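*Asks:* Below is the sequence, then the predicted model.
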Amino acid sequence: MSLTPPADGVPEVPDTPLARALVEIEVHVATSGWDQPAQLFALVDTADLIRREPALASVMGLDPDSGALTAVQQDQLPSEQSLEEALESISWPAEVVGCAAVVERVVLPPEVDAEIPDDPAAAAAFAAAHPARQELRLAAGTTRDGATFCAMRFRSHDHDSLVVTGEDLVPGLLQRLQATLDPDPGR
């Protein structure tokens, strides 16, 4: 994971619809600054969206031949639930080919793991006050076919060219997102 900006100022991103969508989502959310609640996005096939909503597609300037995914931001999640709890009750209609979530988290280096309290509230307070903490924004997404991608920005390196990417930076969140796409409601 390198935080050195690429020579052209644009992070290296695989040329896949999901990767492009996740980086676009992270950059979009970044325009509103930090300290935001978790956000959820449906990912739809752009060509399908153009067929279903030609007027909307025209206003948005969507290209039917791009092979892209279009992110559709969902209503704000209930504030009394964590993202993980909210995902347990979400399922998507067939038109949604994937989904993504954006969350902000505080992370600590592995060497302090043994010091973290077991109580969740105490652990959160410990992390928030720790001098080695790093704040980050993470956009994670998956598609019905199981493809995954993540885009992550550290608050201390807050620039579009410094977005770190990878296929499975947060496996637990990606699994929860994938479960929302499961056609079996008894998941």
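*Replies:* Nice, I can see it.
*Asks:* Check the gap between residue 177 and residue 42 for me.
*Replies:* Remark: distance between residue 177 and residue 42 (Cβ to Cβ, to the nearest Å) = 11 Å. Placement of C-beta: from N, CA and C, glycine included.
*Asks:* With residue 160 instead?
*Replies:* Counting by Cβ to Cβ - residue 160 and residue 42 are separated by 24 Å.
*Asks:* Are we agreed that residue 86 is in a helix?
*Replies:* Yes: counting by DSSP: H, G, I helix; E, B strand; the rest coil, residue 86 is located in a helix.
*Asks:* dump the residue contacts of the closest residue to it other than its chain neighbours.
*Replies:* Distances taken as Cβ to Cβ, 6 or more residues apart in numbering place residue 77 nearest to residue 86, at 4.8 Å, with adjacent residues excluded. Residue 77 sits next to 37-40, 83, 86 when contact means Cβ atoms under 8 Å, 6 or more residues apart in numbering.
*Asks:* Same list, those, but as JSON lines with neighbour count, secondary structure and pLDDT please.
*Replies:* What follows is the contacts of residue 77, written out as JSON lines (neighbours: other Cβ atoms under 10 Å; DSSP: H, G, I helix; E, B strand; the rest coil; pLDDT from 0 to 100):
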{"residue": "37", "neighbour count": "12", "secondary structure": "coil", "pLDDT": "94"}
{"residue": "38", "neighbour count": "19", "secondary structure": "coil", "pLDDT": "95"}
{"residue": "39", "neighbour count": "21", "secondary structure": "strand", "pLDDT": "96"}
{"residue": "40", "neighbour count": "21", "secondary structure": "strand", "pLDDT": "97"}
{"residue": "83", "neighbour count": "17", "secondary structure": "helix", "pLDDT": "91"}
{"residue": "86", "neighbour count": "17", "secondary structure": "helix", "pLDDT": "92"}
